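Chemist: What follows is a predicted protein model with its sequence.
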Amino acid sequence: MLKSENKKIIQRILLAVILGIGLFFTAAMNQRSNVQASKGSFLALINLIPADTRLLCKMTGTWVESNDEFKFEAIYLAKKDSDILAGRYTNPGFADADVNGDVKSGVAIITLTYNDQGHKGMTKKLVGKSSRDRLKNELIIEGNYKTFLGTNDIKMDGTFKIVAKCK
């Protein structure tokens, strides 16, 4: 844990140093009336810093065997090593679930935890291959799911596909 904290401190110091250098270059270049070069130098330095990217994604999924479509919005936090997603699936009058997941090395593990009366205590665990197009801000996840029953539900396992458009 100490190594992780030290790594974060070092990253913050590095960020401050790089930002300071970038600001210095920007000021020096502005004095020479070469604004384009200063922006380029600054952006090149900033690209060296690992950063998290927060996206809002509109997810459209399909339970393949039943051809049943589901939609939800999720916050997708793209991180250096693994990504995180969190959202809420709501199908008024039928189902309501919290959606939480991790994506690491192209593998997504997503859990739907149902909150509504008809599915109380039910969860679905989705595990699949994930690919993300950073230029289009799109995400595709395909794989298998298992249903863990609640009080009044039908056991269903199968395959799924989720396509997300993010911004």
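Modeler: Arrived safely, thanks for sending. Residues are numbered from 1 along each chain as shown.

Chemist: CA atoms for contacts and neighbours, from now on please.
Modeler: OK.

Chemist: In contact with the closest residue to Leu126 other than its chain neighbours, which residues?
Modeler: Counting by C-alpha to C-alpha, 6 or more residues apart in numbering, Tyr145 is the residue found nearest to Leu126 once chain neighbours are left out, at 4.3 Å. Taking C-alpha atoms under 8 Å, 6 or more residues apart in numbering, we find Tyr145 in contact with 124-127, 157-160.

Chemist: What separation is there between Tyr145 and Gly106?
Modeler: 17 Å (C-alpha to C-alpha, to the nearest Å).

Chemist: domain parsing for the protein?
Modeler: The chain breaks down by automatic domain parsing into domains covering 2-46, 53-166.

Chemist: which of these has the lowest average pLDDT?
Modeler: Among these, domain 2-46 carries the lowest mean pLDDT, a mean of 49.

Chemist: Is it correct that Leu149 is in contact with Tyr114?
Modeler: No: in this structure, Leu149 is not within contact of Tyr114 by C-alpha atoms under 8 Å, at 10.1 Å.

Chemist: more neighbours, the two?
Modeler: Tyr114 (22 against 16; other C-alpha atoms under 10 Å).

Chemist: if we can go back for a sec, need phi/psi at the residue nearest to Leu126.
Modeler: The phi and psi values for Tyr145, taken as degrees, to the nearest 10, are phi -130, psi 150.

Chemist: could you list every residue that touches Phe160?
Modeler: Residues in contact with Phe160, defined by C-alpha under 8 Å, 6+ apart, are 61-64, 126, 142-145.

Chemist: top of those by neighbour count?
Modeler: Counting neighbours by other C-alpha under 10 Å, Leu126 leads those with 23 neighbours.

Chemist: Going by secondary structure, that residue is in what exactly?
Modeler: Here Leu126 sits within strand 123-133, counting by DSSP states H and E.

Chemist: Packing partners of the helix or strand harbouring Lys58?
Modeler: Assigned by DSSP H and E, Lys58 falls within strand 53-63. Applying 3 or more C-alpha pairs under 8 Å, 6 or more residues apart in numbering; DSSP states H and E, we find strand 53-63 packed against strand 68-78, strand 158-166.
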